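# Attaching a predicted model along with its sequence, questions to come.
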Amino acid sequence: MQEPHETTSDWQECPAGALGGLVNRLQSRQRAQAARRRTVAAVALGLLFVGGYAGFSGLTTSPVYAGLACSDLKQHADAYLRHQLDPELTERISQHLAACPHCSERFNQKREMLNGNPSSHNEIDWSGPACRVTDRGSRNTSAGLLLAAAR
């Protein structure tokens, strides 16, 4: 059997409860670190969710041409085609329509409907930046028509 080591003067015995206190402090630090990690993960997931939601909702926002969003043109469609708008707004809508093929197609379809074109049986969907037409009969997109008649 080995003889016990002699204690040196550098080492001292721990007071009663010192090791228990050390263990408690270390466990407390570990719990705090775990809580921080969970908080960071929750915040990251929250930001990812909010960012993802904003990103997906951003997909449905309308493009803007000449200071007008595609979604804003619906409210002015009838008045524009009937020449009932002020010159500034009429010019902005004309510029928008010249730059945006989707709105141009929508306005051409709207013009056909207002002119009582019997071959136009389409319901115009104004909800998004892309022109989506729900067919209710024959499709008459008249993509070749420009808005020269509306100007």
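Nice, I can see it.
# residue ranges with poor pLDDT in the chain?
Applying pLDDT under 70 to the chain flags residues 1-9, 54-62, 117-151.
# What residues sit buried inside the one helix or strand residue 103 maps to?
For residue 103, the host element (DSSP states H and E) is helix 101-114. Residues of helix 101-114 classed as buried by neighbour count (16 or more other C-beta atoms under 10 Å): 102-113. Every C-beta, even on glycine, is put in place using the N, C-alpha and C of the backbone.
# What of stretch 11-25?
Result for stretch 11-25 [16+ other C-beta under 10 Å]: no buried residues.
# ok, residues contacting it?
In this structure, no residues lie in contact with stretch 11-25 by C-beta atoms under 8 Å, 6 or more residues apart in numbering.
# Can you give me the separation between the nearest residue to residue 82 once chain neighbours are set aside and residue 75?
Once flanking residues are discounted, residue 82 sits nearest to residue 114: 7.7 Å by C-beta to C-beta, 6 or more residues apart in numbering. Distance, residue 114 to residue 75, using C-beta to C-beta, to the nearest Å: 15 Å.
# Many thanks, we can stop here.
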